[in-house]
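Chemist: Kindly generate the corresponding structure for this input.
(chains A and B)
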2 protein chains.
Amino acid sequence: MNYLGIDLGGTNIKGGVVNEAGEILREASRPTMVENGPDAIADGIAALIKDLEQGETFGGVGLGCPGTVDDESGEVVCAFNLNLIHYDLRGAVKSRTGYEIRLGNDANVAALAEATVGAGKGAHSTVVITLGTGVGCGVVLEGKMLTGYTGAASELGHMVIVEDGAKCTCGRRGCFEVYASATALIRMTREAMAANPKSVMYTVAQENGAVDGRTAFTAAERGDGTAAEVVHEYVKYLAAGVTNVVNIFFPEIVAFSGGVANQGEALLRPLREEVRRQEFGGAYVKRHTKLVPCTLGYQAGIIGAALLAKL
Amino acid sequence: MNYLGIDLGGTNIKGGVVNEAGEILREASRPTMVENGPDAIADGIAALIKDLEQGETFGGVGLGCPGTVDDESGEVVCAFNLNLIHYDLRGAVKSRTGYEIRLGNDANVAALAEATVGAGKGAHSTVVITLGTGVGCGVVLEGKMLTGYTGAASELGHMVIVEDGAKCTCGRRGCFEVYASATALIRMTREAMAANPKSVMYTVAQENGAVDGRTAFTAAERGDGTAAEVVHEYVKYLAAGVTNVVNIFFPEIVAFSGGVANQGEALLRPLREEVRRQEFGGAYVKRHTKLVPCTLGYQAGIIGAALLAKL
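Modeler: Take a look at the predicted model:
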């Protein structure tokens, strides 16, 4: 039996028909149309389900959504970039399609996909960290998503690592996200460029048309000392949060996705060294957490939502 | 059927016979004799089991141990204050008593007890935080101890909250433990006293015979402004770590034990306010983590070890 997975984003609603092995058989997409209000989003989801149905009956439909969701009540508690606050998405989709959708946080369902059929396949436990505009995280322990008492757990991006540090969108100061997101890396890059007008980072930024998450890494590769310092500083903060994750969960796998993770070994090699140096009891434990890239790309959101429906 | 729980500490080995309901029926204790080496500790555990056996056959024996343990292999990976490094404690106890003991970290098994029959009884999930010489933590999710891939998980005391902060015994800088333990509170109290020679804290310390975790709280109660600032500062750091715990696990219960927790509401009231203000999505989620005192006292270690044997 196949399952339908939906990844509800701020721009597009992506969906896919997923088989028991976690493979996508066919995909479709519709614009989210946030500006038309919550019911228009539900209309879009219902239309996407129809697009993908093609006469087939699914074992279930799962949906990943940004923000905080409550899979017990079927409500999106708050998803600010979608303008959904206490919105009964399960009810809205059911009245339109007959399907009782399962709801998960988008980062959590992506982690469920990576843990089940991606970077953490066969592993005891997997934490997925997405280094993008923010830092999204999902935790899967022995096959089960960590959602907590409220459905809002696994918000590792909002773990303070710099008490009284820089302001975060969540209202706290010094969150992991403020220091380890792609946004943070770009901020650090810009600051270093302003202080060092001769840095190779200017050339790199010009070649790529903008200062982005690659600028410092590329310039450092070309031997620019200032850029190497930016990378070093960024990895230091990233390692602080990742070591926290290791000390808290000691998962078998921590897998990285998002823009910055595309740096691959240029990011992961120094990160592994720093985490190994700092992890609790690292000199004595025989097994260590493996830091690896995610393998499913954008499909993780669709596959994970389908897997949620299968649980 | 009854189970035997053993709490292996640096000074004493405490044991108890625990019934299915998690109640201690009888207790006994022996000195740990760390100075006589690992095998003497195993001898002590074996003697304690004999003391408690009294002709009864137990459903199992569980043991809580400081440091890192591996319940799979039966080995104490590292427990520095007991001088146990890669010591096959299960083998040593089995050869002496015939019992195959289950091994848990002491903070983790104490959390299992509080979650099952103490402060978190009936709750979805419980995190226990012990504010003593260090900060000990145990996490129980839907009845299951979080031990991770290595057995070393739940080390929330070694989560960095102040990047590049004060040095921790674990080798990192800025760990939660360095700012939220009783040791940290006493350090803050001493510093404030040195800077304010007229503080009521001097009178309180004289009455109690020492500067301890109660000094600032008692002086603040008597209206001392400097002491109130110490309490405020301590609660600020404690709240940073506890809010991280909430954002990561969103447990139903966070329960506090250890010296500082004896302050009860004088500690918990300002802590709850601060955590509620900072928690992720706090204004929207309908359920919140409850911050409460632990209820089992020192018995948590014995009961939790017995419960581990029962699992």
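Chemist: Please tell me how far the longest helix along chain A is from the chain's geometric centre.
Modeler: Longest helix in chain A by number of residues (criterion: DSSP state H): helix A:225-249. Computed by CA atoms, centre = their mean, to the nearest Å, the chain-centroid distance of helix A:225-249 equals 18 Å.
Chemist: Any buried residues in that helix, and which?
Modeler: Residues of helix A:225-249 classed as buried: A:226-231, A:233-249 (neighbour count, 16 or more other CB atoms under 10 Å in any protein chain shown). Using the backbone N, CA and C atoms, a C-beta is placed for each residue, glycine as well.
Chemist: now stretch A:59-72
Modeler: Using 16+ other CB under 10 Å as the test for burial, stretch A:59-72 gives A:60-71.
Chemist: How about the residues of the stretch 1-150 of chain A by chain B?
Modeler: A:67-68, A:70, A:77-78, A:85-86, A:123-125, A:141, A:146-150 (CB under 8 Å from any CB of the partner chain).
Chemist: Closest to A:E20 out of those residues?
Modeler: The closest of those to A:E20 turns out to be A:A123 (CB to CB; 19.8 Å).
Chemist: Spit out the contact partners of the closest one.
Modeler: With contact set as CB atoms under 8 Å, 6 or more residues apart in numbering or on different chains, A:A123 has these partners: A:115, A:251-253, B:149.
Chemist: From these, which one has the minimum pLDDT?
Modeler: Within the contacts of A:A123, B:Y149 has the lowest pLDDT, namely 89.
Chemist: can you pull out the helices in the stretch 201-311 of chain A?
Modeler: All helices of the stretch 201-311 of chain A, identified by DSSP state H, counting those that start in this stretch, fall at A:201-208, A:215-221, A:225-249, A:265-278, A:299-310.
Chemist: how close does the most far-flung residue of chain A relative to its centre get to chain B?
Modeler: The C-alpha centroid of chain A is most remote from A:K198, which lies 35.1 Å away (CA atoms, centre = their mean). Applying CB to the nearest CB, to the nearest Å, the value for A:K198 to chain B is 28 Å.
Chemist: For the stretch 1-150 of chain A, which residue gets nearest to chain B?
Modeler: With CB to the nearest CB, the shortest gap between the stretch 1-150 of chain A and chain B falls at A:G148, namely 2.9 Å.
Chemist: And for the stretch 201-311 of chain A?
Modeler: Nearest residue of the stretch 201-311 of chain A to chain B, counting by CB to the nearest CB: A:F250, 2.9 Å away.
Chemist: Got phi/psi on the residue lying closest to that residue once chain neighbours are set aside?
Modeler: The shortest distance from A:F250 to any non-neighbouring residue, by CB to CB, 6 or more residues apart in numbering or on different chains, is to B:G148 (2.9 Å). For B:G148, the backbone dihedrals (degrees, to the nearest 10) come out as phi 70, psi -170.
Chemist: What parts of the stretch 151-300 of chain A come near chain B?
Modeler: Residues of the stretch 151-300 of chain A lying near chain B (CB under 8 Å from any CB): A:151-156, A:158-163, A:165, A:170-172, A:179, A:236-237, A:240, A:243-244, A:247-252, A:277-278, A:280-281, A:284-289.
Chemist: Show the buried residues in those.
Modeler: Among those, those classed as buried by 16+ other CB under 10 Å are A:151-156, A:158-163, A:165, A:170, A:172, A:179, A:236-237, A:240, A:243-244, A:247-252, A:278, A:280-281, A:284-285, A:288-289.
Chemist: coming back round to it: next one: phi and psi at the residue farthest from the centre of chain A?
Modeler: A:K198 has phi and psi values of phi -100, psi 0 when expressed as degrees, to the nearest 10.
Chemist: returning to what we had before: B:A216: which of the contacts of A:A123 is nearest?
Modeler: The closest of the contacts of A:A123, once distances to B:A216 are taken by CB to CB, is A:P251, at 38.1 Å.
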